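**Q** one predicted model, sequence on top.
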Amino acid sequence: MKKTKKKISINKKSKDFKSRFPLVSVHWHDIVSDSSWMPMEQLEQAKLAVCVTKGHLISQTKGVTRLFGDYSTNDDGTLAEVGNTTIIPNSVIIKIEKI
């Protein structure tokens, strides 16, 4: 059985944007809820939703994976600000891959 990758190594000291903030695809389990009435058998067969989030990886520490989708740069090309951020608990990640 192939082991799925749940961590991506990043070089925090690199000046290269792609090495420091690699573009990744994160597959993760999300909560599913339903307020309607249903037979018990239907609930017993229900599955978690599998979601996919793509973005630049900042870190995978302290139990969470942090991503950003958008960014602005300073005049010298360094990272100024980030937007469209996502924080995913590491415990729900199925796999993570570099794009």
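**A** Right, received. Where do you want to start?
**Q** strand partners (parallel or antiparallel) of the helix or strand harbouring Leu67?
**A** Using DSSP states H and E, the element containing Leu67 is strand 64-73. Strand 64-73 has the following strand partners under DSSP bridges: strand 49-61 (antiparallel), strand 79-89 (antiparallel).
**Q** which residues sit against the shortest one?
**A** Which is strand 79-89. For strand 79-89, the surrounding residues in contact (C-beta atoms under 8 Å, 6 or more residues apart in numbering) are 17, 21, 26, 28, 53, 55-56, 58, 63-74. (Glycine included, C-beta is placed from N, CA and C.)
**Q** and the one residue sitting closest to the centre of the chain, backbone torsions?
**A** Centroid-nearest residue in the chain: Val26, 4.2 Å away (criterion: C-alpha atoms, centre = their mean). Taking degrees, to the nearest 10, you get phi -110, psi 120 for the backbone angles of Val26.
**Q** where does this protein have low pLDDT?
**A** Of all residues in the chain, those with pLDDT under 70 make up the ranges 1-3.
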